[in-house]
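**Q** Here is the input, now give the coordinates:
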Amino acid sequence: QKYDTVNANNGKMNEEHKEMQMELNEVKDKYKKLLKEVKLDESKYEEWDGDLITDWIIGLDDNYKRYEQVLRKKLKEEEVDGSAFPDLEKNDLHRFGITKFNDKTAVMKHIK
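**A** Model prediction:
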């Protein structure tokens, strides 16, 4: 009896988990879509904070999404804002968490 109850509850929880995971994936997809629609005014880059810089970088290429968490963390830690753009170098991007050479090169081309 007890086992059947636990087993039934486990089944319910698994179903709820699946539903919640599906909802989460839908929200993530909507977020990605909205992020692409958000166009940052690049002429005002000097006013950007670390979060906007991160949004801009990950908006350049879907592959850069993998850097989002570390970029947000590092840019916040170092208090980097858009006014730093003219002085940024590849080594800075590496320190901020963009570790792939080709990614750093491509991002630098967008910055310069």
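**Q** roughly how far out does the helix ranked longest in the chain sit from the chain middle?
**A** Ranked by residue count under DSSP state H, the longest helix found in the chain is helix 2-37. Distance of helix 2-37 from its chain centroid, counting by CA atoms, centre = their mean, to the nearest Å, is 21 Å.
**Q** What is that helix packed up against?
**A** Helix 2-37 is packed against helix 50-60, with contacts defined by 3 or more CB pairs under 8 Å, 6 or more residues apart in numbering; DSSP states H and E. Placement of C-beta: from N, CA and C, glycine included.
**Q** residues contacting Glu68?
**A** 54, 58 (CB atoms under 8 Å, 6 or more residues apart in numbering).
**Q** Poorly predicted segments of this protein, please.
**A** 35-38 (pLDDT under 70).
**Q** cutoff 80 now
**A** For the chain, the stretches flagged by pLDDT under 80 are 1-3, 32-40.
**Q** Helix or strand for the residue nearest the centre of the chain, just tell me which one.
**A** Geometric centre of the chain, nearest residue: Glu68, 3.0 Å, by CA atoms, centre = their mean. According to DSSP states H and E, Glu68 maps onto helix 68-77.
**Q** Can you list the buried residues in that helix?
**A** 71-72, 74-75 (16 or more other CB atoms under 10 Å).
**Q** Please pull up the helix or strand immediately following it.
**A** helix 90-96.
**Q** just to revisit the earlier point, can you give me the offset of the helix holding Glu68 from its chain's centre?
**A** 9 Å.
**Q** and if you look at stretch 62-75?
**A** 5 Å.
**Q** Name the nearest residue to Arg72, ignoring sequence neighbours.
**A** Thr54 (5.0 Å; CB to CB, 6 or more residues apart in numbering).
**Q** Output stretch 7-26 as PDB, restricted to C-alpha atoms.
**A** Taking C-alpha atoms only, stretch 7-26 is exported to PDB below (Å, rounded to 0.1, in the frame of the first residue of the first chain):
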ATOM      1  CA  ASN A   7       5.100   5.100  -6.600                       C
ATOM      2  CA  ALA A   8       1.900   7.000  -7.600                       C
ATOM      3  CA  ASN A   9       3.300  10.200  -6.100                       C
ATOM      4  CA  ASN A  10       6.500   9.700  -7.900                       C
ATOM      5  CA  GLY A  11       4.700   9.300 -11.200                       C
ATOM      6  CA  LYS A  12       2.700  12.500 -10.600                       C
ATOM      7  CA  MET A  13       5.900  14.400  -9.800                       C
ATOM      8  CA  ASN A  14       7.600  13.100 -12.900                       C
ATOM      9  CA  GLU A  15       4.700  14.300 -15.000                       C
ATOM     10  CA  GLU A  16       4.800  17.700 -13.300                       C
ATOM     11  CA  HIS A  17       8.500  17.900 -13.900                       C
ATOM     12  CA  LYS A  18       8.100  17.200 -17.600                       C
ATOM     13  CA  GLU A  19       5.400  19.900 -17.900                       C
ATOM     14  CA  MET A  20       7.500  22.400 -16.000                       C
ATOM     15  CA  GLN A  21      10.500  21.600 -18.200                       C
ATOM     16  CA  MET A  22       8.400  22.100 -21.300                       C
ATOM     17  CA  GLU A  23       7.200  25.500 -20.000                       C
ATOM     18  CA  LEU A  24      10.700  26.500 -19.100                       C
ATOM     19  CA  ASN A  25      11.900  25.600 -22.600                       C
ATOM     20  CA  GLU A  26       9.000  27.700 -24.100                       C
END
